[in-house]
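let me see the structure of the following:
(one chain, ligands or ions: 1)
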Amino acid sequence: MTCLKPENAGPATTGPNGLDFNPFDIMEPRTPTMPPKEARNGGRVKAADVRPEGLYLPNNNIQTPNMVSPEYVQLSTAAAITLGIMPGKMHRCGCTRCLNILLTYPEGCRANCAYCGLARHREADRDYADRNFIRVDWPSVPMAKIAQIVGEDPDASPFHRMCISMITHPRSDEDTVSVLKTWTDHVDPDAIPISILSNPTTMERQDVQTLRDMGSDIFTVALDAATPEIFDRTRGKGVQSPHSWKKYWEILMDARDIFGPQKFGAHIIVGMGETEFEILELVQQLVDLGGHSHMFCFYPEQGSLMDHLPATPRDQWRRVQLARYMIDYYGIRVEQMKFDDQGRVIDFGLAQAELDSIIDAGTAFRTSGCPGKFAEDISACDRPYGDSPPSDIASYPFQPADVDIRRIRSQLDMLKPGQTYEDGDDLEDY
Ligand code: SF4
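Coordinates of the predicted model:
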């Protein structure tokens with residue numbers, strides 16, 4: 001059947017050739033090339049050996065300093081602004097509720113995931129601490145300074161959660177433990193819960209247990225790819241990267257045993273070539289295991305091996321976002337939904353009035369992730385504009401207003417009678 005979008009279906013972003021989804025065949029990453037010898041393993045940074053002093057802002061036109069975890073970590077631009085160590089404002093967001101931390105080394109992440117700005121192949125042209133990741137820069141800061149600032153009054157902190165992203169590095173297991181210790185020396189985990197975004201490739205079951213014993217609340221595994229084939233193509237052998245689907249599932253199941261129901265989950269990126277049916281089957285599988293899925297909309301990160309490919313068409317993204325929310329929080333099962341012969345959702349398995357109330361509540365379209373202090377289905381981790389520009393928001397880092405809901409409805413081709421949405425309506429008021 002044809003998958004051209006009807007002409008009257010609103011301004012939703014469409015993919016290649018007018019497709020309203022990203023098919024497997026076109027989502028092929030570039031083949032990575034080998035960086036010059038002097039740039040490998042952080043060679044430039046180590047040779048210059050510029051000592052770090054306090055905060056380092058990426059792309060500062062100075063040599064990237066020789067910063068190393070566990071003393072140093074990187075944190076998201078939104079977290080740095082919220083923490084008060086960087087000036088700036090985010091469109092329509094006062095602050096972020098999650099303190100996202102990334103381990104850092106001159107050698108950087110040793111994996112080569114095709115969609116990721118931190119991938120190893122970028123050694124050729126950009127030092128690790130200067131690389132963009134989920135569309136933003138990540139300033140580097142001494143971990144003790146972060147813990148001291150938040151530790152002054154954790155109960156009054158804007159942060160509802162702290163999350164350590166482990167990246168892939170031979171030292172990341174032991175350094176995650178050290179970073180966690182620095183944090184818990186200053187901040188009670190009951191005041192600000194801790195999440196771990198793990199690196200299964202270097203981990204064993206005991207590592208998962210240790211992180212739980214140290215007070216971590218939620219453990220997540222970034223599967224990212226929704227099928228084994230896409231996993232292998234984007235983060236395994238297809239791009240000379242060390243990860244395997246089997247190992248990721250092994251650690252995910254360890255996390256299920258050790259952290260327990262509702263305290264483990266998987267990250268999944270929508271639009272890397274899977275069908276909507278495939279990704280929602282995975283969402284159902286995670287729910288049946290007692291976990292959650294955290295969804296990201298594929299965005300062609302500049303400098304990555306997939307930066308030539310289309311962002312996920314908004315039609316596909318909204319359908320998956322809505323269906324995932326219903327499976328995760330409304331007890332709707334994937335078997336109740338109907339799909340067409342391209343695997344697209346054509347029936348969400350709910351009466352229209354109930355579906356309307358879920359859409360109009362807007363929560364389904366907010367950034368998904370580990371919960372904060374507002375509600376179980378409202379993520380602390382709001383990642384402002386991590387998967388889209390503010391002009392075409394994929395994951396809303398705030399409660400969508402009426403105009404946003406109209407935009408979402410137009411993308412879903414579900415505007416109510418009399419409702420309209422014109423491109424840019426949601427930007428006019430803000
Ligand atoms: S392991 Fe994580 S940080 Fe490293 S390249 Fe892959 S996605 Fe990026």
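
list the buried residues in stretch 281-297.
Residues of stretch 281-297 classed as buried by neighbour count (16 or more other Cβ atoms under 10 Å): 281-284, 286-287, 291-297. (Each C-beta comes from the backbone N, C-alpha and C, glycine too.)

what about it, distance to the chain center?
Its chain's average C-alpha position is 14 Å from that of stretch 281-297, according to Cα atoms, centre = their mean, to the nearest Å.

residue 293 belongs to a strand, doesn't it?
Yes: membership of residue 293 in a strand is supported by DSSP: H, G, I helix; E, B strand; the rest coil.

roughly how far does residue 161 sit from the ligand?
Residue 161 is 19 Å from the ligand, where distance means Cβ to the nearest ligand atom, to the nearest Å.

what about residue 171, how many residues nearby?
15 (other Cβ atoms under 10 Å).

how about residue 421?
When neighbours are defined as other Cβ under 10 Å, residue 421 has 19 of them.

need the phi and psi values for it.
Residue 421 adopts backbone torsions of phi -150, psi 130, taken as degrees, to the nearest 10.

just the pLDDT for it.
According to the prediction, residue 421 has pLDDT 88.

what's the answer for the one 3 residues further on, then?
Among the per-residue scores, residue 424 holds a pLDDT of 78.

so is stretch 240-247 next to the ligand?
No: applying Cβ under 6 Å from any ligand atom, one finds stretch 240-247 separated from the ligand by no less than 6.8 Å.

mind checking how far that stretch is from the chain centre?
How far stretch 240-247 lies from its chain's middle: 19 Å, per Cα atoms, centre = their mean.

distance between the ends of it?
From its first residue to its last, stretch 240-247 covers 16 Å (Cα to Cα, to the nearest Å).

kindly report the same for stretch 396-412.
16 Å.

who touches that stretch?
Contact with stretch 396-412 is made by 9-13, 90, 92-93, 96, 314-315, 317-319, 322, 359-360, 362-363, 365-367, 382-385, 393, 415-416, 419-421, 425-426, 429, as judged by Cβ atoms under 8 Å, 6 or more residues apart in numbering.

quick one: buried ones out of those residues?
Taking 16+ other Cβ under 10 Å as the criterion, what is buried in those is 9-10, 12-13, 90, 92-93, 96, 314-315, 317-319, 322, 359, 362-363, 365-367, 382-385, 393, 415, 421, 426.

among the contacts of stretch 396-412, which lie within helices?
Judged by DSSP state H, the subset of these located in helices is 314-315, 317-319, 322, 359-360, 425-426.

keep only the residues you listed that also lie close to the ligand.
Counting by Cβ under 6 Å from any ligand atom, nothing from these sits close to the ligand.

among the residues you listed, which one sits closest to residue 65?
Set against residue 65, the nearest of those by Cβ to Cβ is residue 317 (38.2 Å).

who touches the closest one in this structure?
For residue 317, the contacting residues are 270-271, 297, 394, 411, by Cβ under 8 Å, 6+ apart.

what do you get for residue 82?
Applying Cβ under 8 Å, 6+ apart, we find residue 82 in contact with 95-96, 99, 158-159.

most neighbours among these, which one?
Neighbour counts for the contacts of residue 82 (other Cβ under 10 Å) peak at residue 99, which has 31 neighbours.

can I assume that one sits in a helix?
No: according to three-state DSSP, residue 99 belongs to no helix; its state is strand.

where does it land on pLDDT?
At residue 99, the pLDDT value in this model is 96.

same deal with the one 5 residues further on?
The predicted local confidence for residue 104 comes out at a pLDDT of 95.

try residue 66
Value listed for residue 66 in the pLDDT field: 93.

my read: it touches residue 56, true?
No: assessed by Cβ atoms under 8 Å, residue 66 is found out of contact with residue 56, at 10.4 Å.

and the strands in the stretch 251-400 of the chain, which stretches?
264-270, 292-297, 338-339, 345-347 (DSSP state E, counting those that start in this stretch).

let's have the ones you listed in CSV, adding mean pLDDT.
As requested, these are exported to CSV (pLDDT from 0 to 100):
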stretch, mean pLDDT
strand 264-270, 98
strand 292-297, 97
strand 338-339, 98
strand 345-347, 97
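
could you dump those strands to CSV with distance to the ligand?
Output for these, formatted as CSV (distance: least, Cβ to the nearest ligand atom, whole Å):
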stretch, distance to the ligand
strand 264-270, 9
strand 292-297, 11
strand 338-339, 29
strand 345-347, 27
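
which two in the contacts of residue 82 are spaced the farthest apart?
Longest span within those, Cβ to Cβ: 95 and 99, 10.5 Å.

coming back round to it: out of the buried residues of stretch 281-297, the closest to residue 35 would be?
For the buried residues of stretch 281-297, the nearest to residue 35 is residue 296 (26.8 Å; Cβ to Cβ).

what residues does the stretch 1-150 of the chain put near the ligand?
Residues of the stretch 1-150 of the chain lying near the ligand by Cβ under 6 Å from any ligand atom: 109, 111, 113, 116, 118-119.

just give the closest residue to residue 234, not the sequence neighbours.
Among residues not flanking residue 234 along the chain, residue 114 sits closest, at 4.3 Å (Cβ to Cβ, 6 or more residues apart in numbering).

burial count for the one you found?
29.

show me where the stretch 151-300 of the chain has helices.
Using DSSP state H, counting those that start in this stretch, the helices of the stretch 151-300 of the chain run over 172-186, 205-213, 228-235, 245-259, 276-289.

pLDDT weak spots in the stretch 301-430 of the chain?
The stretch 301-430 of the chain contains residues with pLDDT under 70 at 429-430.
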